[in-house]
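> Here is a sequence with its predicted model. Questions after.
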Amino acid sequence: MTSRPTTLDSRLQSDLEAFKRDGVYKRLNYLASPQAARTVMEGRGEVIILSSNNYLGLSNAPDVVAAGRKALEDLGAGTASVRFICGTFAIHRELEQELARLVGTESSLSFVSCWNANEAVPGTLLGEEDLVLSDQLNHASIIDGIRLAKAITKCQTGVYKHADLADLDQKLAAAKDRRVKMVISDGVFSMEGAIAPLPGLKEVCRKHNAVLVLDDSHATGVLGTTGRGTAEHFGMLGEVDIITSTLGKALGGAAGGFVAGSAAVTDYLTQRARPQLFSNALPPTVAASSLAAVRQLQAHPELVTRLRENATYFRNGLSALGFKPLPGETPIIPVILGETAHAIRMSEMLLEQGVFVTGFGYPVVPQGQARVRCQVSAAHRREDLDEALSAFAQVGRRLGLI
Ligand SMILES: Cc1ncc(COP(=O)(O)O)c(C=O)c1O
């Protein structure tokens, strides 16, 4: 039985039609085999994935899958409770200890997503007399976390120009009266692949006695010789006050996130963070598979090396064809195309050639800077990357881009 459309349904339907007319409507692609260098996509057959955060290829690694399966058998499907009531298993503690060791902090606390972790940090830790400043290009979860913090705590909020240390310095100087000053930045900016200027951020924060928070979702398992993140990349392990990150990308790719910092920070979040107090814990399957992914990373630093080599190979390959990928050192390799419809058209044409790359447009990226964003993985072999490059060459010529 279908009910009559409400006035809300009618408005949404007309907006959805407009998205389709404007060429910005997103269609979901259903996969029929695991995330890997290649996967089977419903209606498309086998495609090369160049659009996944499965940076180390661990989401289908035998040890990771086996750990999840064992936890399912040993502990059941889920926690059936929030953590402080009866939703915590020893595997959560083990995972949190290992994550803290990995990113170089005293302690860590897991959440069901990094979105939740980013929501928890400012809204729980700040108060009315405090200030939080955010990089202009920070991830949506940080932006919404700060909006929520403003509504909940009445803290003062502000935005500094992307990676602009002088602007940050000025804004912190103007906030001398604030009790706690917090600065939040992505470690790696997901749409650009750019790395945050951590040494400068740290220096400015130290000068103004501000707390530095880094979201390392695209850096954990990716940056640094052994994949310990932005801090390792800059030789600054142990120098970032608070790190948030995801378990949904390099660390197994299932879901989940964490906040890492001092024991005081994680204990306070355990006591007071609303996404922690009023929502179930990570399923034990996910805690176990994520822990196995961390151990794989620690045992196989060569995965990080291969990831870096693949990123360099693909970036150089695109440049040799005549594309102008944004320069950088990360496996996120965007090619700017301008209009959203162009980016979506290019990604459709690449998919017809068996290469899955997502096009991003406004409002995910600024107006006029739509792009296709390639992401390489340690799982890609040279044949996969070469085949993808030849698809880029064909599509680029057809679109007159090269
Ligand atoms: C920088 C950044 N932070 C946070 C998140 C959210 O992570 P999760 O999927 O664990 O909620 C993402 C995911 O896209 C991200 O790119």
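All right, it came through fine.
> So P197 versus D186, what's the distance?
Using C-beta to C-beta, to the nearest Å, one gets 12 Å for the distance from P197 to D186. From N, CA and C alone the C-beta is placed, and that goes for glycine too.
> between the two, who's got more neighbours?
For the pair P197 and D186, the greater number of neighbours falls to D186 (28 against 17), based on other C-beta atoms under 10 Å.
> Just the helices from the stretch 101-250 of the chain, written as ranges.
Using DSSP state H, counting those that start in this stretch, the helices assigned to the stretch 101-250 of the chain run over residues 114-125, 140-153, 165-173, 198-207, 230-233.
> Ok, the stretch 301-402 of the chain next?
The residue ranges that make up the helices of the stretch 301-402 of the chain, judged by DSSP H, counting those that start in this stretch, are 302-321, 340-352, 382-398.
> Lowest average pLDDT across those helices?
Mean pLDDT across the helices of the stretch 301-402 of the chain is lowest at helix 340-352; the value there is a mean of 91.
> Report the buried residues of that helix.
Residues of helix 340-352 classed as buried under the neighbour-count rule (16 or more other C-beta atoms under 10 Å) are 340, 342-347, 349-351.
> Contact residues of the stretch 251-400 of the chain facing the ligand?
By the criterion of C-beta under 6 Å from any ligand atom, the positions of the stretch 251-400 of the chain lying close to the ligand are G257.
> Which residue does the stretch 251-400 of the chain have closest to the ligand?
Here the stretch 251-400 of the chain gets closest to the ligand at one residue, G257, 4.3 Å apart by C-beta to the nearest ligand atom.
> My read is that that residue contacts T246, right?
Yes: in this structure G257 lies within contact range of T246 using C-beta atoms under 8 Å: 4.8 Å.
> Between those two, which contacts overlap?
A shared contact of G257 and T246, defined by C-beta atoms under 8 Å, 6 or more residues apart in numbering, is any residue touching both; here these are 113-114, 217.
> Using JSON lines, please lay out the helices of the stretch 101-250 of the chain together with distance to Q97.
JSON lines is the format used below for those (distance: least, C-beta to C-beta, whole Å):
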{"stretch": "helix 114-125", "distance to Q97": "17"}
{"stretch": "helix 140-153", "distance to Q97": "25"}
{"stretch": "helix 165-173", "distance to Q97": "33"}
{"stretch": "helix 198-207", "distance to Q97": "24"}
{"stretch": "helix 230-233", "distance to Q97": "18"}
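> Make TSV out of those helices and add distance to the ligand and mean pLDDT.
As requested, the helices of the stretch 101-250 of the chain are arranged in TSV below (distance: least, C-beta to the nearest ligand atom, whole Å; pLDDT from 0 to 100):
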stretch	distance to the ligand	mean pLDDT
helix 114-125	3	98
helix 140-153	4	98
helix 165-173	19	98
helix 198-207	15	98
helix 230-233	11	98
